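Asks: Below is the sequence, then the predicted model.
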Amino acid sequence: MSWLRGLRCQECGASYPADALFVCAECLGPLEAYYDEHARNAHVSHKTIAQGPRTLWRYHDFLPSQYTPRVDLSDGWTPLLHARNLGRALGLNNLYLKNDTVNPTFSFKDRVVAVAAAKALEFDLPALACASTGNLAGAVAAHAARAGLPAYVFIPADLEPAKILSAAIYGATVVAVQGDYDQANRLATEAAEEYGWGFVNINLRPYYAEGSKTLAYEVAEQLGWRAPDAVIAPVASGALYTKINRGFEELYAAQLIAGPLPKMIGAQAAGCAPIAHAFAQRTREITPVQARSIAKSLAIGNPADGSYAIDVARKSEGGIFSVPERAVAEGMALLARTEGIFGETAVGVTISVLKKLADARAFDPDEIVVAYLTGNGLKTSQALEPLAHQRIDTKPNLEFFQEQFEPKVYAVA
Ligand SMILES: Cc1ncc(COP(=O)(O)O)c(C=O)c1O
Ligand SMILES: [Zn+2]
């Protein structure tokens with residue numbers, strides 16, 4: 001059963017039935033899901049969760065839709081790894097990596113789409129759709145294919161080719177909009193009104209956003225039911241960041257973890273950093289920017305959840321910070337070299353902000369810090385072209401090889 005009770009306006013508190021709605025008719029504020037928390041919290045326990053599947057559906061009591069095998073690609077329950085090498089480089093003894101690059105379509109977007117797609121089936125909508133900066137398109141296309149629904153994905157035309165391919169291969173209709181993400185999103189919002197499709201991040205957004213809470217639940221469970229001291233996640237619209245925070249708050253309210261709750265740190269790249277900018281200016285009013293960043297997955301110039309992200313940063317005593325564009329590839333390479341994980345540009349942004357804060361001694365060395373790695377690097381490999389790749393060119397001959405080769409000496413940990 002679902003504990004969902006309806007939708008509520010985040011601005012004025014007006015409530016609505018749990019339909020395919022996303023804006024408040026009274027004040028145009030965004031709607032979000034609300035639950036019978038009292039009854040839910042009396043029911044859930046570490047044991048009820050442990051009895052669930054090894055996917056994000058083990059947390060179904062906290063989600064607004066019902067499990068259905070028709071869209072299940074085994075989303076979520078990704079590894080949490082102790083990062084000894086990167087931790088040593090940054091002076092952090094308890095650094096952990098939540099590796100969401102290994103989801104079915106290689107990004108955390110599978111989580112939000114799993115929840116939204118299940119809702120689209122419940123509402124009997126005729127198609128699945130989205131406006132996307134890349135990863136969402138692939139996640140929507142794959143889950144639609146699994147569900148046997150048509151998919152329509154609206155993307156900026158200049159997206160990375162691998163991201164376009166990763167949506168097209170599943171049979172989605174790719175709508176390449178001549179403009180940036182914010183323009184693609186505007187067109188998609190008009191299309192959502194015109195056709196009755198389930199746009200996961202528009203008319204299904206209140207359900208979709210809830211899927212990101214599972215990134216908090218999993219980390220808490222994998223740490224042995226405790227909250228980390230700090231977490232760091234990339235920020236585009238701000239939905240992921242605010243919902244990770246909500247996930248920890250819900251576990252605390254349900255007495256599944258003790259306090260204190262983590263400091264929430266958000267990461268943006270300088271070419272599109274409207275929320276980091278507002279945070280630095282000590283305001284919750286976001287001034288939209290024209291996005292120009294190599295981190296295309298984070299290139300949202302007019303972020304829907306920007307002000308709420310600022311609220312979370314302040315309340316949790318964290319912050320939202322940016323790094324220069326050149327640091328994006330450096331962060332990707334640092335992670336890959338030290339831990340063997342090839343994350344995408346959003347991951348490069350996250351690791352570089354983490355490094356910037358660690359270098360500034362913003363953490364106690366023994367704090368438990370979790371970095372969310374939200375997408376796979378193979379979809380954004382051209383971002384690495386400016387970095388020199390070391391390789392040995394040789395004839396198929398040992399002598400020739402030995403002339404080129406200098407063995408590397410590794411320190412044993
Ligand atoms: C890999 C990756 N990380 C992070 C984000 C940020 O998500 P949000 O828009 O919820 O802030 C995105 C969004 O597309 C993404 O693709
Ligand atoms: Zn309202």
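Replies: Received it, and whenever you're ready, just let me know what you need. Because the structure is predicted, anything quoted here is derived from the model rather than measured. Ligands and ions are numbered 1, 2, ... in the order given.
Asks: Show me the strands in the stretch 101-250 of the chain, by range?
Replies: 128-131, 151-156, 173-177, 198-199, 230-234 (DSSP state E, counting those that start in this stretch).
Asks: TSV please, covering these and showing mean neighbour count, distance to D72 and mean pLDDT.
Replies: Any C-beta I mention is one placed from the backbone N, CA and C, and that applies to glycine too. Formatted as TSV, those follow (neighbours: other CB atoms under 10 Å; distance: least, CB to CB, whole Å; pLDDT from 0 to 100):
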stretch	mean neighbour count	distance to D72	mean pLDDT
strand 128-131	30	15	98
strand 151-156	25	17	97
strand 173-177	17	23	97
strand 198-199	29	17	98
strand 230-234	26	25	98
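Asks: For E218, which of those strands is the nearest?
Replies: With CB to CB as the measure, strand 230-234 is the member of the strands of the stretch 101-250 of the chain nearest E218 (11.9 Å).
Asks: Are that closest one and ligand 1 in contact anywhere?
Replies: Yes. For strand 230-234, a contact with ligand 1 is found by CB under 6 Å from any ligand atom, at P234.
Asks: quick one: contacts of that strand?
Replies: Strand 230-234 is contacted from outside by 215, 219, 240-241, 244, 262-268, 295, 297-298, 318, 346-347, 349-350, 353-354, 357, 363, 367-372, 374, using CB atoms under 8 Å, 6 or more residues apart in numbering.
Asks: In strands, which of those appear?
Replies: 263-268, 368-372 (DSSP state E).
Asks: Buried ones among the residues you listed?
Replies: 263-268, 368-372 (16 or more other CB atoms under 10 Å).
Asks: Now tabulate the residues you listed in a markdown table and tack on pLDDT and distance to ligand 2.
Replies: Converted to a markdown table, these look like this (pLDDT from 0 to 100; distance: CB to the ion, whole Å):
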| residue | pLDDT | distance to ligand 2 |
| --- | --- | --- |
| K263 | 98 | 30 |
| M264 | 98 | 25 |
| I265 | 98 | 30 |
| G266 | 98 | 25 |
| A267 | 98 | 30 |
| Q268 | 98 | 28 |
| I368 | 98 | 38 |
| V369 | 98 | 36 |
| V370 | 99 | 34 |
| A371 | 99 | 35 |
| Y372 | 99 | 30 |
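Asks: Can you say which two of those are spatially most distant?
Replies: So, these by CB to CB: farthest apart are Q268 and I368, at 23.5 Å.
Asks: Now tabulate the strands of the stretch 101-250 of the chain in TSV and tack on distance to A25.
Replies: Below are the strands of the stretch 101-250 of the chain laid out as TSV (distance: least, CB to CB, whole Å):
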stretch	distance to A25
strand 128-131	22
strand 151-156	25
strand 173-177	28
strand 198-199	18
strand 230-234	32
